[in-house]
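quick check, what structure comes out for this input:
(4 chains)
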4 protein chains.
Amino acid sequence: MENQNNSINVNEVESSLSGLSSNEMFNLFKSVRRQTIELCEPLAIEDYVVQTDTFMSPPRWHLGHVSWFYEQLLKKYYKDFKPHKSDFSFYLNSYYQSFGTPFNKAKRGTISRPTVNETIDYWRWINMQVSAFFKDNKLDDEVYKMFLLAYNHEWQHQELLVYDIQHLLQDKYDPKVIKYPPKHVGTPHKKEMIKIKGGIFELGFNPEKWNDYFAYDIEMPMHKVYLNDYEIDNAPVTNEDFLQFINDGGYKNFKYWLSDGWETVNKNRWEAPLYWEKDENGKWFKSDFKGKRFIEDFPDEPVINISYYEADAYARWAGKRLPTEAEWEKAASWDEDKNAKRLYPWGDDNPNDVNSNLLESKVWAPTNVFAYEKGKSYFGCHAMVGDCWEWTQSEYMAYPGFKSGFAEYNDKWFGNQKVLRGGSFGTPRLSTRNTYRNFFRPEERWLINGFRCAK
Amino acid sequence: MENQNNSINVNEVESSLSGLSSNEMFNLFKSVRRQTIELCEPLAIEDYVVQTDTFMSPPRWHLGHVSWFYEQLLKKYYKDFKPHKSDFSFYLNSYYQSFGTPFNKAKRGTISRPTVNETIDYWRWINMQVSAFFKDNKLDDEVYKMFLLAYNHEWQHQELLVYDIQHLLQDKYDPKVIKYPPKHVGTPHKKEMIKIKGGIFELGFNPEKWNDYFAYDIEMPMHKVYLNDYEIDNAPVTNEDFLQFINDGGYKNFKYWLSDGWETVNKNRWEAPLYWEKDENGKWFKSDFKGKRFIEDFPDEPVINISYYEADAYARWAGKRLPTEAEWEKAASWDEDKNAKRLYPWGDDNPNDVNSNLLESKVWAPTNVFAYEKGKSYFGCHAMVGDCWEWTQSEYMAYPGFKSGFAEYNDKWFGNQKVLRGGSFGTPRLSTRNTYRNFFRPEERWLINGFRCAK
Amino acid sequence: MENQNNSINVNEVESSLSGLSSNEMFNLFKSVRRQTIELCEPLAIEDYVVQTDTFMSPPRWHLGHVSWFYEQLLKKYYKDFKPHKSDFSFYLNSYYQSFGTPFNKAKRGTISRPTVNETIDYWRWINMQVSAFFKDNKLDDEVYKMFLLAYNHEWQHQELLVYDIQHLLQDKYDPKVIKYPPKHVGTPHKKEMIKIKGGIFELGFNPEKWNDYFAYDIEMPMHKVYLNDYEIDNAPVTNEDFLQFINDGGYKNFKYWLSDGWETVNKNRWEAPLYWEKDENGKWFKSDFKGKRFIEDFPDEPVINISYYEADAYARWAGKRLPTEAEWEKAASWDEDKNAKRLYPWGDDNPNDVNSNLLESKVWAPTNVFAYEKGKSYFGCHAMVGDCWEWTQSEYMAYPGFKSGFAEYNDKWFGNQKVLRGGSFGTPRLSTRNTYRNFFRPEERWLINGFRCAK
Amino acid sequence: MENQNNSINVNEVESSLSGLSSNEMFNLFKSVRRQTIELCEPLAIEDYVVQTDTFMSPPRWHLGHVSWFYEQLLKKYYKDFKPHKSDFSFYLNSYYQSFGTPFNKAKRGTISRPTVNETIDYWRWINMQVSAFFKDNKLDDEVYKMFLLAYNHEWQHQELLVYDIQHLLQDKYDPKVIKYPPKHVGTPHKKEMIKIKGGIFELGFNPEKWNDYFAYDIEMPMHKVYLNDYEIDNAPVTNEDFLQFINDGGYKNFKYWLSDGWETVNKNRWEAPLYWEKDENGKWFKSDFKGKRFIEDFPDEPVINISYYEADAYARWAGKRLPTEAEWEKAASWDEDKNAKRLYPWGDDNPNDVNSNLLESKVWAPTNVFAYEKGKSYFGCHAMVGDCWEWTQSEYMAYPGFKSGFAEYNDKWFGNQKVLRGGSFGTPRLSTRNTYRNFFRPEERWLINGFRCAK
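A predicted model of the protein is given here:
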């Protein structure tokens, strides 16, 4: 890839932020924006334009869309605000009916304008507007909350960028800001299932306890659920484990599969996770951020890029099942000694605290994308957060007592999707926590999704 | 419709059962079989052949398939058994991979053979085989259970027959064995929401308590769930209620809809429930078992033939939500005075007991299809069972501790469907109970499905 | 199949025609109608209802549609005429925009009404109306022409019935009124190519010369075309010939195929003509009117049920090409000695003349469907008419000077189709002639279509 | 559009040709290559990547593909030749089965590599290889012919580039090398139909007469056809003419349309030619190379961007028809006085002769793209060549006696397409001539296609 093809230089782009105040919100804004650009640095301009499939978006679209999201806030709260360009708004609206009929998602790759440079101009212009807004306006609670939402929104798109760029470039994308593969510290754990007592558990985020932290409306309210006694794997299912399922004919035997899953496997002729291929000798290799590698060379990594259906079939093959999200959350968060729930497997210490010694590396910026490889849970579960998203069997639905916090943000997607928990090595650190509920269709595989089993 | 087109006479067909012993199982078998034929009596031969859409099956296929199901049992338990014809088996297998690749469901209407007469010959032949089997064999527990399953299987197909024939013939199908519309006894209830206290509730069927009754594996085990306090409508949402939603622009405003629902509404251009049309004066009428009637002429009937998406949108418009299946089951079954759960809203009395005075009519046979119009629940909820299936917000998934009782019967359909509860006036009486879990895709409307709201 | 399933008895139906006058037009009407019914006699009622694919129509629809066609004439010419039923008209209109938006062709198999009996009632009612019309009205030239068109229209549907019923029932359909396979009289011919001199040839039907005969507008005007010298096969390509192409890998080698043909072959995974299958020993057999037969047992029959693409690929493989329709017509019709064109390969003698000795059997009624197996052309070409339709390379387009004779009948189909010539053993005798232009899409195979090559 | 986004500078790219000899073939090669680059100069890198629809290709793909075509020649004739990169070959093969299964055409826009820079590197590398080849090798007749084919191939892709880029950028693409709109010299002609006598006409290219010129195999052999007397418009149908058809309800009345056309119009909701839109006042405007202009401001330009179906419907509305390709060619080429056929409407003078005064501008390079606006034909037909491609009613099929000159080049596309004649203002001058046969599917509208009528 030649240098002159790279359209964006992170330092040059960030300079447009120099007018922002030193206020923490401004600093956070700057770091969020920087981090998005960092993910794109390896790209050639051509790479920003392509849509490989309907579920994916061109990277340039992501860049424009996250800027557009701030524009909607500015329109709402900034009385002198004039939007940039109307045709940008049409293209860059993802799915918000309240801002007019959105551009057909499946066609995002059929137009070449705005160009990358125009998108970056827009990016800088938004940065200047936000900077001016922060200088001019007192951030009342509602505005503060909406800007926090916007940062979290951008973190979500950062992770989608990782998935989408990988789908486009496969082994040609090596985002240096992502630490992959995650390096596990200390001696390897022994695979076992952890026994956990049932009873009432309080599921979800408690804003009174963790009032310094952001959480989405869908993580609330914290509410009681009853759990039976259960067992849960102390670590995600690995490549080595999953190869046994494949080698035992797992993809060929209907009896392990849900009916919809069996249909999906056959229609798509799946024989292994996404990005796995066989070489001429029948040996499986994978194309990912580290290039092409034989599966047998990284047996202990969690198996990822698998659908809910494959996770479910594996579990049935293994005589187990997938956990519910309540089971997952209790295993990750409950501290029996303190009779309390923790926001992270290791406690409530903010992983973004630069003085924290929870994490492998101390030299990180809050804007980095990274993996939480340390910090097992009270019950002894490893890698709950930061290795891979983990499928649960729970449908993504409102918690009892749910109140919508953001119109058309999360709640219009209830139903037809499964909850994933934990966060992956592609998830921005600031957006991980035990209560986070991610959700995807059961057939989706282009994310960093794995699983652990329960019984 | 001319007489000579009718292929089946119920008395003539039943005569083939005359060789059966007087054993109760035999009698039940006879009544199940008779009831299936009764539903088809109004049909012309042509009606048996057509498949109107991929979700529907030709009535002739249903007739053949339920016979085929007994054939599989006979093959398994009857050592001298020789199947009827191999090409029948291929066409009549619905989805059981264990009996070979099934015939493409979407193509069931593209072949004309076996003819109706051949299907009826097969029907009689199966009856004779079952009769012989019952004479020759001692029914051990496993066989007994499998035959009970086969009866319940046939009851399910009876209800599908009602739906499918209505989809084909619309207002031209008047199955006299179905009492429609259900006649409600006594003074009309006042619409209100019932307040129910939360806490631990035990969801599901308890085989120890009700050991005389059949239930599917997916209704078990009975298990604890925690419920918050909630309110639930004392009756299903009616045509009158739903018309208000329509007249208020409910189908035109995205904000009431889930994203998938909004897409479904627009793709299909839905403006009202299935079978509703506007006359030239803009007045809504419906084509159903009673012909074409104006909606305003039956405002108090439950609105039916609506998708989950429409039920959910109505609930949001009304400031409510759909109940979970646990909320529904508690409202229908719990008796606070006795601190016990009942199998039917009115108690545990078997509605099939001919001496029961719970039901409107005393002259019924256990094989009739009918509606439970009486018997409100302890909490005062009307029409929980027997008016219409009611959408719940719960995804159809295994209960904790689920053990599969029948391979490929219910459990391969977990996920991607919503649970409906209660049973409709098209549901055979013997297969209704408070714990019954029906399940359909959220966009399906050709069944007798309505809903009530919760808060 | 039981007798009571057969809905139509030819004698019973025809009796409704007894009121018609003895006028020749009436007799012809009667014979046309009888012949349609004869083709359907082997059917069970179920067979009338099914649509196997979008190109096919349910037999019951054909019966209704040809009656509907007369209804349109009666509406136009008969002042006291009241149509039968409006919902029939909607269903039975094939594609005539001038009579309102037609019923979706692909959905003809999704409704079961009108029933077969109702359709036959309609059939008889139409017969009575036509009878009354013929009694009451003087047939002026225009009306006479339109009724002749209606008969020819019905003959076309008779042939479509043969194709459609075969597609439904395959080897279970044995229409006794069709003489199949055609019996060739005399010693077998030697396969060779006939050399024919070029120059000006007058293509098409000349109404002045053959003013007693019906021809479609699209066969006119007769007009000059210039032909180079050419050679043409003296007989259609046979099963034996075509097997050599298959065995030589013809279906596997792109170089014989047009691009569209290669795409079609691969998309549909064609490996042989329609209705050909391999048995477990790899021997090809065919399912047709005579049951299942091995191809090697009838090597001399023309290969049929092949698309234009397959005919074209065979020709390229053989170092030949397909003839144009002018080349075909000259080879079939030109008499060098008389310097004149003949309407039939053997001359202008009407094959419907019962005294003709041109035909194998003398005991035939004008309403029979049969094959012209005798009567080679002046140039020595065999089986030009009556064995199988023969693909030509000519696109179906208007002849120079074309005047539309019937709105929306033939001329709206110009383009995107190829002309076939000659008529098959399923073509009603009265509608065959050298100038007849049949037309189908190049991928269609469910008709009785073969070919001969040219150079 | 910012400068740094432009990936290609024409002078820089051409410098790679400097090593070529001064031989005319080399010069021609250089000019062909330069002209392709000139068409792309206005593009930003993003524009090279997008595929707007399945019929269109990303501009970068065209650049790579024309280079790839030379690579195939070099592989065949140059013994020391080593191809560039194997993954390029897979992506850049358009449809040649003989070079392996081609990349799925509909997916050309789903990959971003090779990048534009990599494609330009490949372009230069090919230029160097060709240069070396021309130095090292004596061009025997076959090689000479194949290179001429390669130049003509590239000219075809130049025109496709014009169409494809317009489809992507609409009014944002202004290729300065295309003279648009064509300026007509002299006083406007009066619209009339020209009467032309029929008889034998010799259709096609005669290599003996024009042995200095290139023609495709499908233009040969010249052969006799018989024409009736006919009339033909002296100029293409104009915007003003076509507006009358629209305003008369032409798009709303089935009776003007072929059945396939009517289906196409309704499926696509066509109401006017491609690129036409109505402003808020109901006035038609068009987006093209000159920006957005009201149709009434250029009434005399030929109507373009219309399908065969629309041309055919207009002709029927006007009481006319489309000409055959023979009628078109005679009107354009025949000189009654000399009893001879001309290669261009104005005679046989090569439009590429720099001393020619046939053309408006003398300052042109042989590599320009331009329009032949002068030079009416002997019969008085204007603008036969160089304004727009004109639909004829003739199917694209082999001429009698056709011999394939280039495997898989033209002849595998016979059938299912209509011949267009004349060349547009987007057609490279060197590839226009009276005998040129262009061909497209009847529904295609993204080319510069118009028509004139005949009678």
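
A:Q72 against A:G100, yeah?
No - the criterion here is CB atoms under 8 Å, and A:Q72 misses it with A:G100 at 11.4 Å. Glycine gets a C-beta too; all of them are placed from N, C-alpha and C.

is the lengthiest strand in chain A positioned near chain B?
In chain A, assigned by DSSP state E, the strand with the most residues is strand A:389-395. Yes - counting by CB under 8 Å from any CB of the partner chain, chain B has neighbours in strand A:389-395: A:Q393, A:E395.

same for that strand, what does it pack against?
helix A:308-317, helix A:325-333, strand A:418-421, strand A:449-450 (3 or more CB pairs under 8 Å, 6 or more residues apart in numbering or on different chains; DSSP states H and E).

looking at those, which is buried most?
Among the helices and strands packed on strand A:389-395, the stretch with the highest mean neighbour count (mean count of other CB atoms under 10 Å in any protein chain shown) is strand A:449-450, at a mean of 28.

which strand or helix spans A:G261?
Assigning secondary structure by DSSP states H and E places A:G261 in helix A:259-268.

counting neighbours, what do you get for the closest residue to A:D229 other than its chain neighbours?
Among residues not flanking A:D229 along the chain, A:G198 sits closest, at 4.4 Å (CB to CB, 6 or more residues apart in numbering or on different chains). A total of 14 residues lie near A:G198 under the criterion other CB atoms under 10 Å in any protein chain shown.

what distance do you get for A:G198 to C:A132?
85 Å (CB to CB, to the nearest Å).

excluding chain neighbours, what is closest to the residue in the stretch 351-455 of chain A that chain B sits nearest to?
When scored by CB to the nearest CB, the stretch 351-455 of chain A has A:E395 as its residue closest to chain B, at 3.8 Å. Using CB to CB, 6+ apart and skipping the chain neighbours, the partner closest in space to A:E395 is B:E395 (3.8 Å).

so who does that neighbour touch?
Residues counted as contacts of B:E395 (CB atoms under 8 Å, 6 or more residues apart in numbering or on different chains) are A:E395, A:M397, A:G415, B:G415, B:N416, B:Q417, B:K418, B:V419.

I'd like the next helix or strand past the biggest helix by length in chain A.
Taking DSSP state H as the assignment, the helix of chain A that covers the most residues is helix A:141-169. Remark: after helix A:141-169, the chain's next helix or strand is strand A:193-196, criterion DSSP H and E.

got the CA positions of that next one in CSV?
Below are the C-alpha coordinates for strand A:193-196, written out as CSV (Å, rounded to 0.1, in the frame of the first residue of the first chain):
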residue,chain,number,x,y,z
MET,A,193,-16.8,-25.4,34.9
ILE,A,194,-17.6,-23.1,37.8
LYS,A,195,-20.5,-24.0,40.0
ILE,A,196,-22.6,-21.0,41.0
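
now the element after that strand, going C-ward?
The helix or strand immediately downstream of strand A:193-196 is strand A:199-203, counting by DSSP H and E.

show me what that next one is packed against.
Packing partners of strand A:199-203 (3+ CB pairs under 8 Å, 6+ apart): strand A:223-227, helix A:325-333.

could you dump the ones you listed to CSV with mean pLDDT?
Below are the helices and strands packed on strand A:199-203 laid out as CSV (pLDDT from 0 to 100):
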stretch, mean pLDDT
strand A:223-227, 98
helix A:325-333, 97
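
domains in chain A, by residue range?
Annotated domains of chain A cover A:10-172, A:177-455 [automatic domain parsing].

quick one: name the residues of the stretch 301-450 of chain A near chain B.
Proximity of the stretch 301-450 of chain A to chain B, by CB under 8 Å from any CB, involves residues A:308, A:312, A:321, A:324, A:393, A:395, A:397-398, A:400-401, A:407, A:412-416, A:418, A:442.

one more time with 10 Å, if that's ok
A:308-309, A:312, A:316, A:321, A:324, A:327, A:393-402, A:404, A:407-408, A:411-418, A:441-443 (CB under 10 Å from any CB of the partner chain).

buried among the residues you listed? Need that as a selection in ChimeraX.
Here is the ChimeraX command that picks out the buried ones among these, judged by 16 or more other CB atoms under 10 Å in any protein chain shown:
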select /A:308,309,312,316,321,324,327,393,394,395,396,397,398,399,400,402,408,411,412,413,414,415,416,417,418,442,443
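
common neighbours of A:Q72 and A:G100, please.
Residues touching both A:Q72 and A:G100 (CB atoms under 10 Å, 6 or more residues apart in numbering or on different chains): A:S89, A:N93.

neighbour count winner among the two?
Neighbour comparison, A:Q72 and A:G100: the larger count goes to A:Q72, with 17 against 10 (by other CB under 10 Å).

show the average pLDDT along whatever helix or strand that one lives in.
Using DSSP H and E, A:Q72 maps to helix A:59-77. Mean pLDDT, computed over helix A:59-77, is 95.

and if you look at stretch A:263-270?
97.

ok, that stretch near chain C or not?
No - Stretch A:263-270 lies out of reach of chain C by CB under 10 Å from any CB, never closer than 15.6 Å.

and that stretch, what's buried?
So, applying 16+ other CB under 10 Å, buried residues of stretch A:263-270: A:T264, A:V265, A:W270.

does that stretch come close to chain D?
No - using CB under 10 Å from any CB, stretch A:263-270 stays clear of chain D, coming no nearer than 16.0 Å.

what does the model give the residue of the stretch 351-455 of chain A found nearest chain D for pLDDT?
Going by CB to the nearest CB, chain D is nearest to A:W446 of the stretch 351-455 of chain A, at 13.7 Å. For A:W446, the pLDDT comes out at 97.

for the residue of the stretch 351-455 of chain A closest to chain B, name its beta-bridge partners.
Per DSSP bridges, residues listed as beta-bridge partners of A:E395: A:K418.

if I look at it, how far off is A:N416?
Here the distance between A:E395 and A:N416 works out to 8 Å (CB to CB).

do the same with A:I194
Taken as CB to CB, the span from A:I194 to A:N416 is 31 Å.

could you point out which residue ranges in chain A have low pLDDT?
Counting by pLDDT under 70, the ranges of chain A that qualify are A:1-23, A:181-189, A:350-375.

now the terminal residues of stretch A:377-397, how far apart.
26 Å (CA to CA, to the nearest Å).

equivalent analysis for stretch A:245-252, please.
10 Å.

check which helix or strand A:Q244 maps to.
helix A:239-247.

buried residues in that helix, which are they?
So for helix A:239-247, counting by 16+ other CB under 10 Å, buried means A:N239, A:D241, A:F242, A:L243, A:F245, A:I246.
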